[in-house]
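1. The amino acid sequence is not available; the structure is as follows:
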């Protein structure tokens, strides 16, 4: 049972435009959400997170939005750059269960110059 | 480069066999974590060691085992391999036990079971 779903396996965006990566979850107990970025032949690296007490968190070009009622979160990248081309994983956990993190299957973003 | 090294990078073996994956954590990191990423699955936490002791267990099969040695490197042993064990196996490390956002991931070992 996939509790964290990334329904778009891939996304292509022109350089300079906005990239929007989506993630849905089913477990209402999740209260902390994370995004990771993974380049080929490398391990995932942490990108940005958001607690369920917030609905937005921003870090430079990256913003994560959380809609708890819809059990949906999204990662916005503005402006998109070719170096952003990577696989992005969404993840979620329950506070205190820091190891019990559930990851999505990833969305491959391609930013076209 | 995260500073975490994993060997081998690729491994091809047959069903029923046993393999060992090796991980060297970043210098100074005491905690090591193993994850599995199967085809069409997200990363799944398998097991964590801290300074040689098992600290947490996730979705690790009984056919799999791990250990952390005094020099802090870790090995993940997979036995009686099945086709479904084909996956990318990541090791991560951190100074102290922590959530994935503060872990440094290695590049992974890609295992193919034929």
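-> Everything's here; your move. These numbers were taken from a predicted model, which means no experiment stands behind them. Numbers count the residues shown, from 1 in each chain, chains lettered A, B, ... in the order given.
2. which secondary structure elements does whatever helix or strand residue A:57 lives in contact?
-> Assigned by DSSP states H and E, residue A:57 falls within strand A:56-59. For strand A:56-59, the elements it packs on are strand A:45-51, strand A:62-67, judged by 3 or more C-beta pairs under 8 Å, 6 or more residues apart in numbering or on different chains; DSSP states H and E. Every C-beta, even on glycine, is put in place using the N, C-alpha and C of the backbone.
3. Residues of chain B that sit close to chain A?
-> B:2, B:4, B:33, B:40-45, B:48, B:56, B:58, B:90, B:92, B:98-108 (C-beta under 8 Å from any C-beta of the partner chain).
4. In chain A, what residue lies closest to chain B?
-> As assessed by C-beta to the nearest C-beta, chain B sits closest to residue A:43 within chain A, at 2.7 Å.
5. how many other residues sit next to that residue?
-> 22 (other C-beta atoms under 10 Å in any protein chain shown).
6. list the contacts for it?
-> For residue A:43, the contacting residues are B:2, B:4, B:90, B:92, B:104-108, by C-beta atoms under 8 Å, 6 or more residues apart in numbering or on different chains.
7. how about 6 Å then?
-> B:90, B:105-107 (C-beta atoms under 6 Å, 6 or more residues apart in numbering or on different chains).
8. Please work out which residue of chain B is closest to chain A.
-> residue B:105 (2.7 Å).
9. Across the sheet, point out what pairs with that residue.
-> Residues in a beta bridge with residue B:105, per DSSP bridges, are residue B:92.
10. distance of residue A:61 from residue A:76?
-> Distance, residue A:61 to residue A:76, by C-beta to C-beta, to the nearest Å: 9 Å.
11. Check residue B:114 too.
-> With C-beta to C-beta as the criterion, residue B:114 and residue A:76 are 42 Å apart.
12. Also residue B:10?
-> On the measure of C-beta to C-beta, residue B:10 and residue A:76 end up 35 Å apart.
13. Between these two, tell me which one has more neighbours.
-> residue A:76 (16 against 9).
14. could you point out which element follows the helix or strand of chain A with the lowest mean pLDDT?
-> Ranked by mean pLDDT, DSSP states H and E, the weakest helix or strand in chain A is strand A:102-103, scoring a mean of 90. Next along the chain after strand A:102-103, taking DSSP H and E as the criterion, comes strand A:107-112.
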